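Asks: can't give you the sequence, but here's the structure:
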């Protein structure tokens, strides 16, 4: 198998003529590297000398330095290129007219993780809107979806629950690369920015990240391994609860639990055949920040045994239902604020539906809930077929 080449590598090997003499902005973070692990800002500066005028950073900062969740970044000066870095994760999340006036073209190069609630794709959408508004060209350098491009899970986001963890009605696990997402957002959801996507080479939809032969660099600090990305579409739901999702430990999202969890009670009710492609292992952990800081939590680590069989969203919803049954008197939903939303429950934003939460509270079987979104997924698959590049 030939190694997958990212959009950045393909741009470096075949520079676009339209970038000649253009002032360039670059939306990036620590994972925006080429196959030799050289940062894209350095690559672009070498390729288009004197043309890179500004950098833009998503959630967690240019270097992924904001470890905890929902920590804003400030504008800085890049220590290497000595050019401004504009944060797109603070009181506003879109580039300003003043910032966009520094450039002619904005190049977007972010490693997405294929999950509706991951904010990078909405930062992309705001940048496309700004490009349209201020008459700038936008170029998206594609990168692999670490979950592959086949499995799609979850009902579509409902309009009343749009937020920075869900701007558009897509499933929890959306099955697109960031380049394909840009095309979907631009045309179907009416942004109208005319983005250019520099595609991947040698990537196939049945590939997980380990199949790409690329080096995994955490796109955000709490997704340290490809396995943490594989479980993320389900494990992110704990952010809307008082169950720790493992933030403040070295294995966020792979481990989860709380001080009130009785491991024996869960194991006595756990049916491994009910959650294919994985195994669980009891763990004790003590977060150094975030929920249950400095408290010993009891819970589990999810080990992926076969990613082709593992359905992360359904798996985590099953654990959620089990926790509600066994520890309902201790379990609770977190209150707002959450990702700039001050009134609605975080879990409703994450699930994309208040009704979904109600069905879980009523202890409906997760298999029944999953069947209810089958038609939505069929419609969605038909919709995105026009935007698939691979």
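Replies: The structure has been received and is ready for your questions. All figures in this text were calculated on a predicted structure; none of them were measured in a lab. Numbers count the residues shown, from 1 in each chain.
Asks: which residues does the closest residue to residue 287 other than its chain neighbours contact?
Replies: Distances taken as CB to CB, 6 or more residues apart in numbering put residue 248 closest to residue 287, at 3.0 Å, once the chain neighbours are dropped. For glycine as for every other residue, the C-beta is placed from the backbone atoms N, C-alpha and C. Residues counted as contacts of residue 248 (CB atoms under 8 Å, 6 or more residues apart in numbering) are 68, 287-291, 293.
Asks: most surrounded residue in those residues?
Replies: residue 287 (21 neighbours; other CB atoms under 10 Å).
Asks: is it true that that residue lies in a strand?
Replies: No. Looking at residue 287 with DSSP: H, G, I helix; E, B strand; the rest coil, it is coil, so not inside a strand.
Asks: Roughly how far does it sit from residue 316?
Replies: Going from residue 287 to residue 316 by CB to CB, to the nearest Å gives 19 Å.
Asks: now residue 239
Replies: 11 Å.
Asks: do residue 93 as well
Replies: 27 Å.
Asks: higher neighbour count, those two?
Replies: Neighbours were counted for residue 93 and for residue 316 using other CB under 10 Å; residue 316 has more, 25 against 20.
Asks: pLDDT (mean, whole number) over stretch 219-227?
Replies: Stretch 219-227 carries an average pLDDT of 96.
Asks: hang on, the earlier thing: a helix runs through the residue nearest to residue 287, doesn't it?
Replies: No. Per three-state DSSP, residue 248 lies outside any helix segment and is coil.
Asks: quick one: it and residue 255, what's the gap?
Replies: 11 Å.
Asks: Could you tell me which residues make contact with the nearest residue to residue 389 once chain neighbours are set aside?
Replies: Using CB to CB, 6+ apart and skipping the chain neighbours, the partner closest in space to residue 389 is residue 199 (5.2 Å). Going by CB under 8 Å, 6+ apart, residue 199 touches 7, 10, 142, 179, 389-390.
Asks: which among those end up buried?
Replies: 7, 10, 142, 179, 390 (16 or more other CB atoms under 10 Å).
Asks: Counting neighbours, what do you get for residue 339?
Replies: With other CB under 10 Å as criterion, residue 339 counts 21.
Asks: what do you get for residue 378?
Replies: 11.
Asks: on that earlier part again, of the contacts of residue 248, closest to residue 345?
Replies: residue 291 (15.9 Å; CB to CB).
Asks: hang on, the closest one packs against residue 240?
Replies: No. The criterion here is CB atoms under 8 Å, and residue 291 misses it with residue 240 at 11.3 Å.
Asks: show me where pLDDT drops low in the chain?
Replies: Segments of the chain classed as low confidence (criterion: pLDDT under 70) are 1.
Asks: At the geometric centre of it, which residue sits there?
Replies: What sits nearest the mean C-alpha location of the chain, by CA atoms, centre = their mean, is residue 118, with 2.9 Å.
Asks: contacting residues around that one?
Replies: 112, 165, 232.
Asks: Return the entry from those with the maximum number of neighbours.
Replies: Result: residue 232 is most packed of those (other CB under 10 Å), 28 neighbours.
Asks: Go ahead and confirm that residue touches residue 313.
Replies: No. Contact between residue 232 and residue 313 fails when scored by CB under 8 Å: they sit 9.8 Å apart.
Asks: Would you map the strands across the stretch 51-200 of the chain?
Replies: Here the stretch 51-200 of the chain has its strands, by DSSP state E, counting those that start in this stretch, at 52-57, 76-77, 84-87, 105-108, 137-141, 196-198.
Asks: Would you mark the buried spots in the fourth one?
Replies: Across strand 105-108, burial judged by 16+ other CB under 10 Å covers 105-108.
Asks: What about residue 145, how many residues nearby?
Replies: 30.
Asks: what's the closest non-adjacent residue to it?
Replies: residue 114 (4.2 Å).
Asks: Surely that neighbour and residue 150 touch.
Replies: No. The pair residue 114 / residue 150 is not scored as a contact, 10.8 Å apart, by CB under 8 Å.
Asks: Doesn't residue 300 lie inside a helix?
Replies: No. Residue 300 is assigned strand when assessed by three-state DSSP, not a helix.
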